[in-house]
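# please work out how this folds:
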Amino acid sequence: MNILFASEMEKLQSWLPLLSRDLPQDRITTSLDEKIDIALVATPPKGVLRRLGGAKLIQSLWMGVEGLVADPDYPRGVPLARLVDPGMVAAMSETVLAHVLDWHRQHNQYREQQRARQWLRREQYMAADRTVGLLGLGELGTDAARKLLALGFKVAGWSRTPKRIDGVQCFTDLSAMLPECDVVVCLLPLTSRTRGILNSENLKKMKKGGCVINVARGGHVVTGDLVAQLDAGWLTHAYLDVFEPEPLPKDDPLWVHPKVSITPHTAALTEPRTAVPKIVENVERVRRGEAPLNRVDFEAGY
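Residues are numbered from 1 along each chain as shown. The predicted model follows:
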């Protein structure tokens, strides 16, 4: 089969040796001059998608697919599959734990004290004193929940459909979950239903003194509402990895807000070493005439 690699953000040289090793009978190409059977895409160059109407599968190189789903050039008759990469899942949980622990152990405030040369011991809390609320209980949320539980935190989770995870208090009613939460972590796909979910109305339902961690998409946060709750003291900190637009403009006031920690969309990068076996599995399923794993529901948006 001819397998197209088309992405402006993922570099072919990171992927080609592994793809060539595990798919020796197939041709990995960056050219559209011949018939394409499967396309591997993240941010495809303009005009590529409209030329893939004859493909058997478009495989995303990322877990988030909102850009592909919304692209008017996407050939709707071609299946689209999300990439559920174990390496990315592990990295995301590491980031969530790092931010939760940074806030829980009050290192964010101790950094401020260091800059002010202030020696002040703050009240210590146990992990069991904190409830971490996860927005999204898919692969990412489930893995993060288990690791947070292992550290002794209480964990709640919200999802669109009912879920059962041992040790996690699961909700489908967001208004019922938020009052339980000291920390809210957004791990949701970005859809019309989830855009702006971190708004004033919802942030005010959290426990006073809590924090927000957004490692999903910038569109989940109403930035002005978040800043207002930080400035009012209802929230003590926000950890933001994703923004609209990206890169975050140099003159954006978030850069210098004392209660905001910024990372440049690095919470969890696709890891070719663990992603390629998942891609190969879908290639082989297509070769056998089977449906791909993690096929996207265009109506749901993920």
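
# distance check, the closest residue to Arg76 other than its chain neighbours against Val286.
Computed as Cβ to Cβ, 6 or more residues apart in numbering, the closest residue to Arg76 that is not its neighbour in sequence is Phe298, at 7.2 Å. C-beta coordinates here come from the backbone N, C-alpha and C atoms, glycine included. Using Cβ to Cβ, to the nearest Å, Phe298 is found at 19 Å from Val286.

# which one of these two has more residues nearby?
Val286 (20 against 14; other Cβ atoms under 10 Å).

# surely the more buried one touches Ile58?
No. Using Cβ atoms under 8 Å, Val286 is not in contact with Ile58; the gap is 10.8 Å.

# now do the shared contacts for these two.
Ile38 (Cβ atoms under 8 Å, 6 or more residues apart in numbering).

# which SS class is the residue nearest to Arg76?
Under DSSP: H, G, I helix; E, B strand; the rest coil, Phe298 falls in the coil class.

# ok, now which ones touch it?
Neighbouring residues of Phe298 by Cβ under 8 Å, 6+ apart: 69, 76, 80.

# what residues are up against the first one?
What that stands for is Val69. Val69 neighbours (Cβ under 8 Å, 6+ apart): 80, 296, 298, 301-302.

# where does this structure dip in pLDDT?
For the chain, no stretch is flagged by pLDDT under 70.

# and it, what are its domains?
Under the assignment automatic domain parsing, the domains of the chain span 2-85+270-287, 86-262.

# got the end-to-end distance for the last one?
Between the start and the finish of domain 86-262 there is a gap of 25 Å, counting by Cα to Cα, to the nearest Å.

# please enumerate the strands of the protein.
Here the chain has its strands, by DSSP state E, at 2-6, 27-29, 38-41, 57-60, 80-81, 131-135, 154-158, 168-171, 183-186, 210-214, 235-240, 260-262.

# make a markdown table out of these and add distance to Gln114.
Compiled in a markdown table, these are given as follows (distance: least, Cβ to Cβ, whole Å):
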| stretch | distance to Gln114 |
| --- | --- |
| strand 2-6 | 46 |
| strand 27-29 | 50 |
| strand 38-41 | 45 |
| strand 57-60 | 42 |
| strand 80-81 | 47 |
| strand 131-135 | 26 |
| strand 154-158 | 30 |
| strand 168-171 | 35 |
| strand 183-186 | 23 |
| strand 210-214 | 19 |
| strand 235-240 | 16 |
| strand 260-262 | 15 |
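
# I'd like the ones you listed as a markdown table, with distance to Asn108 and mean neighbour count appended.
Listed next are the strands of the chain as a markdown table, based on distance: least, Cβ to Cβ, whole Å; neighbours: other Cβ atoms under 10 Å:
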| stretch | distance to Asn108 | mean neighbour count |
| --- | --- | --- |
| strand 2-6 | 40 | 21 |
| strand 27-29 | 44 | 15 |
| strand 38-41 | 37 | 25 |
| strand 57-60 | 34 | 24 |
| strand 80-81 | 38 | 22 |
| strand 131-135 | 16 | 27 |
| strand 154-158 | 21 | 23 |
| strand 168-171 | 26 | 18 |
| strand 183-186 | 12 | 27 |
| strand 210-214 | 8 | 26 |
| strand 235-240 | 5 | 23 |
| strand 260-262 | 7 | 17 |
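
# Ala55: what's it in contact with?
4, 36-39, 75, 78.

# what do you get for Ala42?
7-10, 60-62, 270.

# can we see that at 10 Å?
Ala42 makes contacts with 5-10, 60-62, 64-65, 67-68, 83, 270, as judged by Cβ atoms under 10 Å, 6 or more residues apart in numbering.

# next one: Thr43
So Thr43 contacts 6-10, 61-62, 67-68 (Cβ under 10 Å, 6+ apart).

# rerun that using 7 Å as the cut-off
Contact analysis of Thr43 by Cβ atoms under 7 Å, 6 or more residues apart in numbering lists 7-9.

# any idea which helix is longest in this structure?
helix 86-104 (DSSP state H).

# that one: how far from the chain's middle?
Taking Cα atoms, centre = their mean, to the nearest Å, one finds the center of helix 86-104 at 11 Å from the center of the full chain.

# give me the residues contacting that helix.
With Cβ under 7 Å, 6+ apart as the criterion, helix 86-104 contacts 63, 108, 125, 127, 130, 132, 139-140, 143-144, 147-148, 183, 185, 211, 213, 215, 237, 239, 267-271, 273-275.

# report the buried residues of it.
87-89, 91-93, 95-97, 99-100, 102-104 (16 or more other Cβ atoms under 10 Å).

# check stretch 266-279 too.
267-268, 270-272, 275-276, 278-279.
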